[in-house]
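Chemist: this one's sequence-less:
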């Protein structure tokens, strides 16, 4: 059965077991009752209500011109209409597929990764080359991945051509 301890006991335990803070980090601070938010006093609430009334009357005396919705956002922008979400499409896109060798090379745009997926376990030479070039095996995806930048994109294109047994000009 779990036991309950008071805030005072937690504070004492933290002070007792406090370790030196890591370089560049702030030390642990416990919030006490003085830092907790309090209810506004009635005078502060009345003043806030007066400010909103003053803002409303100022808005009535200086109305802003009405702008049609078509003029607010020019056509062709990426801004979605109200209530609609952006549809970016699927994050993974296959770039090169070799059914004869049983692999696919693609790019995951969500995580900015180049991905090699094999139908069966690849040969040890292929695994060694992927490891040597910096690829990491992700068992949950069953794929070899590397961060996608210009150099790794070119590298993965060359590796795909090599694994397929084609020339450097791969067919996409």
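Modeler: Happy to help now that I have it. Just so it is clear, the structure is predicted and the values come from calculations on it, not from any experiment. Residues are numbered from 1 along each chain as shown.

Chemist: ok, residue 107 touching residue 113?
Modeler: Yes: at 7.0 Å, residue 107 counts as touching residue 113 under the criterion of C-beta atoms under 8 Å. No exception for glycine: its C-beta is placed from N, CA and C like everyone else's.

Chemist: Mutual contacts of those two, please.
Modeler: residue 148 (C-beta atoms under 8 Å, 6 or more residues apart in numbering).

Chemist: between the two, which one's more packed in?
Modeler: Between residue 107 and residue 113, residue 113 has the larger neighbour count (other C-beta atoms under 10 Å), namely 23 against 19.

Chemist: what helix or strand is the residue lying closest to that one once chain neighbours are set aside on?
Modeler: Excluding the flanking residues, the one nearest residue 113 by C-beta to C-beta, 6 or more residues apart in numbering is residue 145, at 4.4 Å. Element membership for residue 145, per DSSP states H and E: strand 143-147.

Chemist: Summarise which helices and strands that strand is packed against.
Modeler: strand 113-118, strand 136-138, helix 150-164 (3 or more C-beta pairs under 8 Å, 6 or more residues apart in numbering; DSSP states H and E).

Chemist: and with 7 Å instead?
Modeler: The helices and strands touching strand 143-147, judged by 3 or more C-beta pairs under 7 Å, 6 or more residues apart in numbering; DSSP states H and E, are strand 113-118, strand 136-138.

Chemist: what sits up against the shortest one?
Modeler: Contacting residues not belonging to strand 136-138 are listed as 144-145 [C-beta atoms under 7 Å, 6 or more residues apart in numbering].
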